[in-house]
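A.B. asks: A structural model of the following input is requested.
(2 chains)
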2 protein chains.
Amino acid sequence: MNAAGSSFDWNRGFALDFALTDGLSQTAVSTKRRLSQMRGMYSDDAAFEALVEREDPLVYEFYELGAPERAGDLAFGTSITYPGRVGREYFMTKGHFHTILDTAEVYYCLSGRGVMLMENPEGDVVWIPLEPGKVAYVPRRYAHRSVNTGDTPFVTFFVFRADAGHDYGTIEKKGCRKLVVEQDGAPRMIDNPKWK
Amino acid sequence: MNAAGSSFDWNRGFALDFALTDGLSQTAVSTKRRLSQMRGMYSDDAAFEALVEREDPLVYEFYELGAPERAGDLAFGTSITYPGRVGREYFMTKGHFHTILDTAEVYYCLSGRGVMLMENPEGDVVWIPLEPGKVAYVPRRYAHRSVNTGDTPFVTFFVFRADAGHDYGTIEKKGCRKLVVEQDGAPRMIDNPKWK
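C.D. replies: Residues are numbered from 1 along each chain as shown, chains lettered A, B, ... in the order given. So this is what the prediction gives:
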C-alpha cells in the first residue's frame, strides 16, 4: 500500500481515511519531499543551502495510491505543504504539468492557507488563493504548484484522472514564471529571475 | 450559476466555496430533491404517501456546476442527504449509473454518517460505510446511491469525469437490488422486494 503499487480494489471499490484536520491517512503511506530534493527550485540559493545544512525540513507530503492508469479511473489523496520559507519564498510543491496535458484537477482545501499557482505553456499565469472550504479548479493544460502562505500546514484533497500522468521535468528545468514571496507580511507574486 | 449553465471559467480555473461542515455553498445554487420527487423508490408506499402528505421533506440536495462535458474536465460539488426514514428505510438519493459506464467517482465524507450503496449491471452489490474523513471509491460500472444512516446531514464532496453523464432511468425503473433499513437501531441491507 504505497507509491509503488496498490492494495486497493479499484474494480469493486474501497474506503480510505484522510483526516479532515491534518490530511494524514492512518492506512496509506505518504510520499515525502524534503528541501534537499528541491535543489535549484527556489530563488535564493544561499538561503536554500543554509536551510538544507541546518535541518533539511520536510517541505511537503502527499499520497500516491497506485490507481490503475485508465481514463475511467480517478487518482485521489491529500497534499500537505508545511509552513516555512526559503529566504522570502514560501514553501511549495515541485509543481507539474499532466503528461496528458488536457486533463484538469480539483483541489479542496481542508486546512491552512495557501495559493494554487498555475501556468500554461503559452505563459498565462493564474493564482487561486485557498482557505478551508474553498475548491480550486485547475483547468486542463495548466501546470500547478501548491504554495503555503500561512503559518500552519496547508492541506488539500485532490482528484484527477488516473491516466493523466505527471510531467515534473518541465518545471524542474524551466521553473515557474512567477514566485510567491513574503513582502510586508503578505504573499505577493513576482517574476522568477531564474525562469528560462 | 445553476444547473442549466455555468458562469465559472473552466478554461482558466476558479475558486468556489463548500463549507466543510454542512457542505453548502454561498455562491453556487443547489439542486433540491423533495420526497414527492421520489415516488415509487421507497419500499413502503403507505409510509411514503403519508410523509409526502404531511410535510414533503427535503431529502437531499447537491450541486451541478455545469462543467463542460469533456473527458479532460472534472465535475465536482457536495451532496447533502438529510436524516430521516420512510418507514424503516433511510433517506437516500435517487442513485444513478454514469452514462459512460466505465467512469469512476470519488466521494469524501465531510460530515454525518452514511453508506454508499453500489451495484453493477451484473448484480454485484457493494456497500461502503462512511463517516467524516473517509473516502469511498465508486469504481467504474457501479451505480451508486448515498444513504443517510445517521441523525445529522450526511455530507460528501464528490468528483467525477465531466463527460460521464447520469443515467437515473435504470434505477428509477428497476430499483436497486438492496434496501438499507433500520433494524434494532442499526442499518441493515436487505433484498428489495420491488426490484425488477
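A.B. asks: now the end-to-end length of stretch A:53-73.
C.D. replies: End-to-end distance of stretch A:53-73 (CA to CA, to the nearest Å): 41 Å.
A.B. asks: oops, could you answer that again for stretch A:163-170 instead?
C.D. replies: In stretch A:163-170, first residue to last residue: 19 Å (CA to CA).
A.B. asks: and it, how far out from the chain middle?
C.D. replies: Its chain's C-alpha centre and that of stretch A:163-170 lie 13 Å apart, by CA atoms, centre = their mean, to the nearest Å.
A.B. asks: now swap in stretch A:96-114 and tell me
C.D. replies: Distance, stretch centre to chain centre, for stretch A:96-114: 7 Å (CA atoms, centre = their mean).
A.B. asks: that stretch and chain B in contact?
C.D. replies: Yes: counting by CB under 8 Å from any CB of the partner chain, chain B is contacted by stretch A:96-114 at A:100, A:102, A:103, A:104, A:105, A:106, A:108, A:110. C-beta: built from backbone N, CA, C; applies to glycine.
A.B. asks: can you put those in TSV and add pLDDT and neighbour count?
C.D. replies: Formatted as TSV, the residues of stretch A:96-114 next to chain B follow (pLDDT from 0 to 100; neighbours: other CB atoms under 10 Å in any protein chain shown):
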residue	pLDDT	neighbour count
A:100	96	17
A:102	97	14
A:103	98	25
A:104	98	29
A:105	98	24
A:106	98	25
A:108	98	25
A:110	98	27
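A.B. asks: so which of those sit within helices?
C.D. replies: Per DSSP state H, helices hold no members of the residues of stretch A:96-114 next to chain B.
A.B. asks: ok, these vs residue B:21, which is closest?
C.D. replies: Lowest distance from residue B:21 to the residues of stretch A:96-114 next to chain B (CB to CB) belongs to residue A:110, with 12.1 Å.
A.B. asks: going by neighbour count, list what's buried in the lowest-mean-pLDDT helix or strand in chain A.
C.D. replies: Within chain A, no helix or strand scores below helix A:169-174, which has a mean of 92 by mean pLDDT, DSSP states H and E. By neighbour count on 16 or more other CB atoms under 10 Å in any protein chain shown, the buried set for helix A:169-174 is residue A:171.
A.B. asks: could you say what helices and strands that helix packs with?
C.D. replies: Applying 3 or more CB pairs under 8 Å, 6 or more residues apart in numbering or on different chains; DSSP states H and E, one finds that helix A:169-174 contacts strand A:143-148.
A.B. asks: ok, and what's touching the strand it packs on?
C.D. replies: For strand A:143-148, contacts defined as CB atoms under 8 Å, 6 or more residues apart in numbering or on different chains pick out A:60, A:79, A:81-84, A:90-97, A:105, A:107, A:112-120, A:138, A:154, A:156, A:170-171, A:176, A:180, A:187.
A.B. asks: thought residue A:75 was touching residue A:63?
C.D. replies: No: counting by CB atoms under 8 Å, residue A:75 stays clear of residue A:63, with 9.2 Å between them.
A.B. asks: neighbour-wise, which of the two wins?
C.D. replies: residue A:63 (25 against 22; other CB atoms under 10 Å in any protein chain shown).
A.B. asks: tell me who's in contact with the more buried one.
C.D. replies: Counting by CB under 8 Å, 6+ apart, residue A:63 makes contact with A:18, A:25, A:28, A:29, A:30, A:31, A:77, A:78, A:79.
A.B. asks: number of residues surrounding residue A:54?
C.D. replies: 9.
A.B. asks: what of the one 4 residues further on?
C.D. replies: Counted with other CB under 10 Å, the neighbours of residue A:58 add up to 15.
A.B. asks: any idea how far it is from chain B?
C.D. replies: 22 Å (CB to the nearest CB, to the nearest Å).
A.B. asks: just grab the bridge partners of that residue for me.
C.D. replies: Residue A:58 forms beta bridges with residue A:34, as assigned by DSSP bridges.
A.B. asks: check residue A:79 too.
C.D. replies: Counting by DSSP bridges, residue A:79 is bridged to residue A:62, residue A:156.
A.B. asks: residue A:155 is in contact with that one, correct?
C.D. replies: Yes: with contact defined as CB under 8 Å, residue A:79 counts as touching residue A:155 (7.4 Å).
A.B. asks: neighbour count: the two, which is higher?
C.D. replies: residue A:155 (26 against 21).
A.B. asks: surely that one touches residue A:113?
C.D. replies: No: contact criterion CB under 8 Å: residue A:155 and residue A:113 do not qualify, at 10.2 Å.
A.B. asks: so, low pLDDT: which residues of chain A?
C.D. replies: Along chain A, segments meeting pLDDT under 70 span A:1-6.
A.B. asks: grab the longest helix from it for me.
C.D. replies: In terms of residue count, the longest helix belonging to chain A (DSSP H) is helix A:45-54.
A.B. asks: contacting residues around it?
C.D. replies: Outside helix A:45-54, the residues that touch it by CB under 8 Å, 6+ apart are A:35, A:36, A:39, A:42, A:57, A:86, A:87.
A.B. asks: and those, which are buried?
C.D. replies: Using 16+ other CB under 10 Å, the buried ones in the contacts of helix A:45-54 are A:35, A:42, A:86.
A.B. asks: now, which of the residues you listed sits nearest chain B?
C.D. replies: Closest approach between those and chain B, by CB to the nearest CB: residue A:42, at 24.2 Å.
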